[in-house]
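Participant: Take a look and give me a structure for this.
(one chain, ligands or ions: 3)
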Amino acid sequence: MTQGVVDQASAGKADTTSTPTKYVYSFGGGKADGNGRMKDVLGGKGAGLAEMTNAGLPVPPGFTIQTESCREYMRGSVSPKVDAEMHAALDRLEKLQGQKLGTGENPLLVSVRSGAKFSMPGMMDTILNLGLNDKAVEALAKLSNNPRFAYDSYRRLIQMFGDVVLDVPKKKFEHIFDTIKEREGVKFDYELQPDALKEIIVEYKKLVRKETGKDFPQGPLDQLVQARDAVFRSWQNDRAKTYRRINHIDDWLGTAVNVQAMVFGNLGENSGTGVGFTRNPATGEHVFFGEYLMNAQGEDVVSGVRTPLSISELERAMPKVYDHLRAITWKMEKHYRDMQDFEFTIQDGKLYMLQTRNGKRTGLAAVRIAIDMVREGLITQEEAIFRVEPNQLYDFLVPRLIEKGEKIEVLATGLPASPGAAVGQIVFTAEDAVKFHANGAYRTIILVRGETTPEDIAGMEVATGILTSRGGMTSHAAVVTRGMGKCCVAGAGDCTVDEHAKELRVKGHTFKQGDWISLDGTTGRVIAGQLKTLPAQPDDPDLVKFMSWVDPVRKLRIRANADVPRDAKQARLFGAEGIGLCRTEHMFFAEDRIGHMRTMILSENEKDRREALKKLLPMQRADFLGLFKAMESLPVTIRLLDPPLHEFLPQREDLLVEISHLEDTKPRSPKLKELRPLLARVQELHETNPMLGLRGCRLGIAFPEITEMQSRAIFEAAVAVKSKGGDPHLEIMVPLIGSIEEMRNQAAIVRRVAADVFKEKGETVDFMVGTMIELPRAALTADQIAEEAEFFSFGTNDLTQTTFGISRDDINHFLPSYIKQGIFKQDPFATLDQAGVGLLVKMATAKGRNTRPNLKVGICGEHGGDPESVKFCHKIGLNYVSCSPFRLLTARLAAAQAALQEIQTGPDIHSGTC
Ligand code: ADP
Ligand code: MG
Ligand code: MG
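Facilitator: Ligands and ions are numbered 1, 2, ... in the order given. Coordinates of the predicted model:
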């Protein structure tokens, strides 16, 4: 669970202690050089093998080449001691087994397995049956009296070695295999007869010769060295790199290499191989869970070629082996005090353990297992809090696909932009979505777009899920759907979205409007047809119990970003302790308001503008009324109008097109009279760089009547709620301040209107006026600004934009190159850049509190729901974080973990100063 924490001391650097580095650690014969705590050195797999050996479990013997060798390999100079120690360890292994690698009547065969500190399932490579060659295979056939087994093992070696070590495309091996299998007319691999297998081997060897210009290496030691180096290299393959980036694993850790005597699950009907979990990894249920195949080897179980049997079958088929396996895995779970994921092989009725590790699990399972283990006395309540990753709690808030027993066809895999599941009928435009939703033609709708724009909002609102063929994790579709808690698969590049023909073409299928598809936003999969779903479970009793352990621990308050009463109610359901950001402009996009908003913007003078604002006032007041009621006495932070005005107007290009179309077809249309002045004003308002233009507090300074109207709506609503016995707590926030003067200007208007309203109504309410800090200049002069501002809320989205000088909407043009070249470890809009933007936050907080010691400080924006960023906010002593309602559980858990970590390790000595 500590995947994100990288041990810098052990990463990337050579051992600097005076004792010389030990490169190779043996295990076998009931004892091991290493143990389970040595994951840094031995990798997770190697440490597990050592630990199991020490515990007297049946583990095939072998040795582990430690991670430092891999780091040396990456640096380009491997110590000669690695080879020397490896040969010595091989010697010991050969003596222990009474065999010699790939030689003699009873040749030793080994597996060469990767295994890093953090498990990276399937990301790196493993080679089985190493040591076999043309001669050894005959010896094995004779010894086992089972030529089918011997040739099968050899063809597997050539295939794996060819793929992993020699870079011969896997597909070419598969083609040979499938052609001969088809010719032989057999259904399963194990039905192939020795002669057919021999023929496959001949063809495989020819392929290797053709592709590499060399013969498949016959020398067992030569094979071993090449395989070892290939495993080192596999640390650097693209899959592994991507996995590390997503999981924040340091690129310099390196992998260990495990060389282990083979045991054979493909020896016949009395042999087999399998994988399992000590508890159900999907639900957390305390039942033994797993699958196996008889007469099979290695990955056969998971490769989907044959349907594996449930582990409960094993109880019937081989009761002794089953009991032994249960006893061992139960012991391992108690030993590691966590759910175990294990691999085993049965050779001729005898059980061998090949791997054990803490099992990966869904959020639902993580919570259930944590609670069960506390009840069973295996772990403490505090430990339980760390057994769930904050992001996993999302699983409780979104529906999921039911896949069990379904045959699913994955059409494409895009980015898992917003988790959950969506099953629905597809439409291609926002208008169609709204139309078919309103007339009830489609019950659930999936909006399919090339990419979405702000104009699609209404359609996104009524859709159950969104699929786009372009765009990244911070694309419009991704950001908006995450806020809505709605499933989204973005950037599914294999999908062709023909908005014109209203067709989705993918994998040779054509889907038309109304066809059913299913989306899994948690994995990014696009699936054909109509799967069933399991609804969200925010009131799941296990979750409620778990959160009752979490909440008392944390110090940070958690608020939600919510603009309308519906979101506010949802937020309270998910545990919000206030609203940290109410974006008032969201209220203006509604159909009945946008007209008035446009009239206001198009007004040429103050008088007309005030007229239009008057129409908006009652609507805005009604919104606040609902919001204050929903939040009762919890604090509500309301931000004054922020976006550039053109966002409320039609696009210039669209207007130009419409006008010229009308001029051509209906030159007398009265509509033209309406559109021409609109275009003129749109042109007037056009800005070269709206992000840095007339927006934020600049609007309220240029047009004070806007701030006046908004303040009036707020205070009238608050007074109304209070006179009915309510107790609203208002925090009015001025956006995009860069100087104390701006703050003073706007705060004066707010306070003046408050006084007016209180006098008119004969009632007062408590309120604060504060600011969003989202410009570097505001952070730098925070001590001054705090003279006027009674609270700070860091708008870290804009602060990231303005600190880096990068527009959030344009980052996708270069983010991939930045990530690939390691310039950015992650998207700074998703995870707060602690060194730069974070430093500004820390510094401004300190400066602000210098002026106003009990200044209330929080952050709002995407970062408020990101666990790493939340932990940072705890560390630097903020009062709260505010995030979208669907991130609340995550933020609550992250804040609790941060508080506990601090107790365990002491406060961060660096956080007090800056
Ligand atoms: P991964 O890390 O991808 O799981 P592993 O190194 O665990 O890769 O190996 C892949 C497969 O090969 C697993 O099913 C494992 O059980 C099997 N395997 C590895 N070493 C041996 C061995 N010495 N004898 C038999 N099977 C093995
Ligand atoms: Mg494994
Ligand atoms: Mg902003």
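
Participant: Report the buried residues of stretch 350-362.
Facilitator: Neighbour counts using 16 or more other Cβ atoms under 10 Å place 351-359, 361-362 of stretch 350-362 among the buried residues. Just so you know, the C-beta spots here come from the backbone N, C-alpha and C atoms, and that holds for glycine as well.

Participant: Closest to residue 784 out of these?
Facilitator: residue 362 (49.6 Å; Cβ to Cβ).

Participant: hang on, that closest one packs against residue 393?
Facilitator: No. Applying Cβ atoms under 8 Å as the test, residue 362 and residue 393 come out as separate, 10.8 Å apart.

Participant: ok, back up a step: identify, from the buried residues of stretch 350-362, the entry nearest to ligand 3.
Facilitator: Nearest to ligand 3 out of the buried residues of stretch 350-362 is residue 362 (Cβ to the ion; 35.1 Å).

Participant: Now do the closest one against residue 280, distance only.
Facilitator: 10 Å (Cβ to Cβ, to the nearest Å).

Participant: same check, this time on residue 143
Facilitator: In terms of Cβ to Cβ, residue 143 sits 41 Å off from residue 280.

Participant: Tell me, how many residues neighbour the closest residue to residue 120 other than its chain neighbours?
Facilitator: Nearest residue to residue 120, sequence neighbours excluded (Cβ to Cβ, 6 or more residues apart in numbering): residue 243, at 5.2 Å. When neighbours are defined as other Cβ atoms under 10 Å, residue 243 has 17 of them.

Participant: Just say helix, strand or coil for residue 243.
Facilitator: Under the three-state scheme (DSSP: H, G, I helix; E, B strand; the rest coil), residue 243 adopts helix.

Participant: pretty sure residue 252 is touching residue 71, no?
Facilitator: Yes. Here residue 252 reaches residue 71: they are 6.5 Å apart, a contact under Cβ under 8 Å.

Participant: before we move on, the earlier item: among the buried residues of stretch 350-362, which are in reach of ligand 1?
Facilitator: The overlap between the buried residues of stretch 350-362 and the neighbours of ligand 1 (Cβ under 6 Å from any ligand atom) comes to 354-355.

Participant: Now go through the buried residues of stretch 350-362 and say which are in strands.
Facilitator: 351-358 (DSSP state E).

Participant: Turn these into TSV, including distance to residue 332.
Facilitator: Listed next are these as TSV, based on distance: Cβ to Cβ, whole Å:
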residue	distance to residue 332
351	13
352	14
353	8
354	13
355	11
356	5
357	10
358	10
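
Participant: Just name the closest of these to ligand 1, please.
Facilitator: Comparing these against ligand 1 with Cβ to the nearest ligand atom places residue 354 closest, at 4.0 Å.

Participant: OK, contacts around the closest one?
Facilitator: If you count contacts by Cβ atoms under 8 Å, 6 or more residues apart in numbering, residue 354 has them with 59-60, 260, 263, 342-345.

Participant: rerun that using 6 Å as the cut-off
Facilitator: For residue 354, the contact set (Cβ atoms under 6 Å, 6 or more residues apart in numbering) comprises 343, 345.

Participant: Now do the same for it: its pLDDT.
Facilitator: pLDDT, residue 354: 96.

Participant: What values do phi and psi take at the residue at the greatest distance from the centre of the chain?
Facilitator: Distance to the chain centre peaks in the chain at residue 668, reaching 56.0 Å (criterion: Cα atoms, centre = their mean). The phi and psi values for residue 668, taken as degrees, to the nearest 10, are phi -100, psi 0.

Participant: Got phi/psi on residue 571?
Facilitator: Reported as degrees, to the nearest 10, the phi and psi values for residue 571 are phi -60, psi -40.

Participant: what's the burial count for residue 700?
Facilitator: Counted with other Cβ under 10 Å, residue 700 comes out at 25.

Participant: By mean pLDDT, which helix or strand of the chain comes out lowest?
Facilitator: Taking mean pLDDT, DSSP states H and E as the measure, the chain has helix 300-303 as its least confident helix or strand, at a mean of 67.

Participant: Just want to know which of residue 252 and residue 71 has more residues nearby.
Facilitator: Between residue 252 and residue 71, counted using other Cβ under 10 Å, residue 71 has the larger neighbour count: 21 against 17.

Participant: what about residue 658, neighbour count?
Facilitator: 16.

Participant: Same check on residue 661?
Facilitator: Neighbour count of residue 661, defined by other Cβ under 10 Å: 10.

Participant: can you check residue 163 too?
Facilitator: Applying other Cβ under 10 Å, we find 19 residues neighbouring residue 163.

Participant: Please apply the same query to residue 34.
Facilitator: Around residue 34 there are 24 residues (other Cβ under 10 Å).

Participant: again, but for residue 507
Facilitator: Neighbour tally, residue 507, other Cβ under 10 Å: 12.

Participant: And the nearest residue to it once chain neighbours are set aside, how far from residue 562?
Facilitator: In this structure, residue 507 finds its nearest non-sequential neighbour in residue 411, 5.1 Å apart by Cβ to Cβ, 6+ apart. Per Cβ to Cβ, residue 411 is found 35 Å from residue 562.

Participant: How about the residues of the chain by ligand 3?
Facilitator: 774, 795, 798 (Cβ under 5 Å from the ion).

Participant: Could I get those residues in JSON lines, plus columns for neighbour count, distance to residue 53 and secondary structure?
Facilitator: As requested, the residues of the chain next to ligand 3 are arranged in JSON lines below (neighbours: other Cβ atoms under 10 Å; distance: Cβ to Cβ, whole Å; DSSP: H, G, I helix; E, B strand; the rest coil):
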{"residue": "774", "neighbour count": "26", "distance to residue 53": "57", "secondary structure": "coil"}
{"residue": "795", "neighbour count": "27", "distance to residue 53": "55", "secondary structure": "strand"}
{"residue": "798", "neighbour count": "21", "distance to residue 53": "56", "secondary structure": "helix"}
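
Participant: With distance to ligand 1 and pLDDT as new columns, can those be given to me in a markdown table?
Facilitator: Listed next are these as a markdown table, based on distance: Cβ to the nearest ligand atom, whole Å; pLDDT from 0 to 100:
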| residue | distance to ligand 1 | pLDDT |
| --- | --- | --- |
| 774 | 45 | 96 |
| 795 | 44 | 95 |
| 798 | 44 | 94 |
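
Participant: Which parts of the stretch 251-400 of the chain are helices?
Facilitator: 300-303, 311-317, 319-336, 363-375, 381-386 (DSSP state H, counting those that start in this stretch).

Participant: To residue 417, which of the ones you listed lies closest?
Facilitator: Residue 417 sits nearest to helix 363-375 of all these, at 17.8 Å, using Cβ to Cβ.

Participant: elements contacting the closest one?
Facilitator: If contacts are counted by 3 or more Cβ pairs under 6 Å, 6 or more residues apart in numbering; DSSP states H and E, helix 363-375 sits against helix 381-386, helix 541-550.

Participant: Just the closest residue of the protein to ligand 3, please.
Facilitator: Taking Cβ to the ion, the chain has residue 798 as its residue nearest ligand 3, at 3.6 Å.

Participant: tell me the secondary structure for residue 405?
Facilitator: Assigned with three-state DSSP, residue 405 falls in the coil class.

Participant: name the element residue 401 belongs to?
Facilitator: For residue 401, the element it lies in under DSSP states H and E is strand 400-402.

Participant: following that strand, which helix or strand comes up?
Facilitator: strand 410-413.

Participant: check contacts around the residue lying closest to residue 446 once chain neighbours are set aside.
Facilitator: In this structure, residue 446 finds its nearest non-sequential neighbour in residue 424, 4.1 Å apart by Cβ to Cβ, 6+ apart. Residues near residue 424 by Cβ under 6 Å, 6+ apart: 444-446, 464.
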